[in-house]
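**Q** coords please:
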Amino acid sequence: MDKKLYFDANATARIRPEVISLVVEVMGEVGNASSPHSFGREARKRIETARRQVAATLNVDAQQVIFNSGATEGNTTVFKGFEGKRILASAIEHPSIMDCGVALETIPVTSDGVVDLDAFKKMLSSGPSPALVSVMTANNETGVIQPVAEIAKLAKDAGAMVHSDAVQGYGRFAFTRESLGVDFLTLSAHKIGGPQGVGAMVIAPGVTPYKLLQGGGQERRQRGGTENVAGIAGFGLAAEMACSSFEKFQSLGALRDRIEVHFQTSPRVTVYGANVPRTANTSFMTIKGVPNDTLLMAFDLEGVAVSAGSACSSGSTRLSNVLGAMGVVSDPLLASLRISLGINTTEKEVEELCAIWDKLRARLLKE
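**A** Have a look, this model is predicted:
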């Protein structure tokens, strides 16, 4: 097959050409950012430039940005800091939170995938006050945008600190740490066209986060380990580019809607989150009458990259925990399908995807 279609941008976005050029340039340089000589100082300059770039996108001071290996590390760092205390997290959080090894209570969501505020209020008023409340900015599977600011206010009134995994919202719609009202934000570069293996934790003024990685004075002694200078530089540029082109990202909504209209000509297709605010690039649906692995393999054989949900849960044949939290009953003949577009997705690619779906629909569903 000459060309393959990539519709899995929520797993990882295509790296921006400008970012590739910068990363290659920085990789050609030498110097440990902790070294005092001129080579080290040049490496340090690369990191601090990126720190200012990321900070500017969230309207925070540069010193509130701590670079790390990605959102999984950031999420684990936050949660480990509250281990043994009462933690509330939405039932649709990413596996890096649900499986981080720290006990938590899950906040229910509605059938549309939005945090149930009435249930949340009841949880706040029963039992001891939580130490931490965590709700993602936008869901990685449905794209549903959560009312984080409202949740944060309720949590703060109850005496809790607030965290938001902002991976799927950052660079897709405008917000700042202050507008969300949270104490911790976690970010990942590869969701916005940056390199894989680099991210950041953004903290509120005066907050001292838990130190997950010991043994080094890097990142103001908050995260040990030699910094990934080239990756961090690429992250800074990707952040600046993504947060200066929200309109371009929002234009993906029209393409997403075209896909959904076409797929829903089959009565076996149900789209989730369509009645509430979503990120413009994401469509999450179920298809009755076909197993998950069969559907994904069929698309792959046609050269189409899609997913059944979170990439971090790949290989699992169980129903997505997000769908389960939304009240969908597991069925071996109920496939889930996430289609996520990237900033370079074209109308022609959407047309090709729809044509391939028609072909698979006739073969697999025998409609």
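**Q** contacts, neighbours, all on C-alpha from now
**A** OK.
**Q** Let me see the ranges of the helices in the stretch 101-250 of the chain.
**A** Ranges of helices in the stretch 101-250 of the chain, per DSSP state H, counting those that start in this stretch, are 117-125, 148-157, 177-180, 218-221, 229-242, 246-250.
**Q** what number of residues lie near the spatially closest residue to Val24 that is not a sequence neighbour?
**A** The shortest distance from Val24 to any non-neighbouring residue, by C-alpha to C-alpha, 6 or more residues apart in numbering, is to Ala230 (7.6 Å). By other C-alpha atoms under 10 Å, the residues close to Ala230 number 23.
**Q** what does the one 5 residues further on give?
**A** If you count neighbours by other C-alpha under 10 Å, Phe235 ends up with 32.
**Q** Please identify the buried residues of the strand or helix carrying Asp358?
**A** Assigned by DSSP states H and E, Asp358 belongs to helix 347-360. Within helix 347-360, the residues that count as buried by 16 or more other C-alpha atoms under 10 Å are Glu349, Val350, Leu353, Cys354, Ile356, Trp357, Leu360.
**Q** Dump the residues you listed to CSV, plus pLDDT.
**A** Formatted as CSV, the buried residues of helix 347-360 follow (pLDDT from 0 to 100):
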residue, pLDDT
Glu349, 98
Val350, 98
Leu353, 98
Cys354, 98
Ile356, 97
Trp357, 97
Leu360, 96
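**Q** from those residues, which is closest to Val162?
**A** Val350 (38.5 Å; C-alpha to C-alpha).
**Q** Just the pLDDT for the nearest residue to Arg16 once chain neighbours are set aside.
**A** For Arg16, ignoring the flanking residues on the chain, the nearest one in space by C-alpha to C-alpha, 6+ apart is Gly193 at 5.1 Å. At Gly193, the model reports a pLDDT of 98.
**Q** Distance check, Gly193 against Glu178.
**A** As judged by C-alpha to C-alpha, to the nearest Å, Gly193 and Glu178 stand 24 Å apart.
**Q** neighbour count winner among the two?
**A** The residue with more neighbours, out of Gly193 and Glu178, is Gly193; 28 against 13, by other C-alpha under 10 Å.
**Q** show me what contacts the more buried one?
**A** Thr12, Ala13, Arg14, Ile15, Arg16, Val19, Ala238, Ala242 (C-alpha atoms under 8 Å, 6 or more residues apart in numbering).
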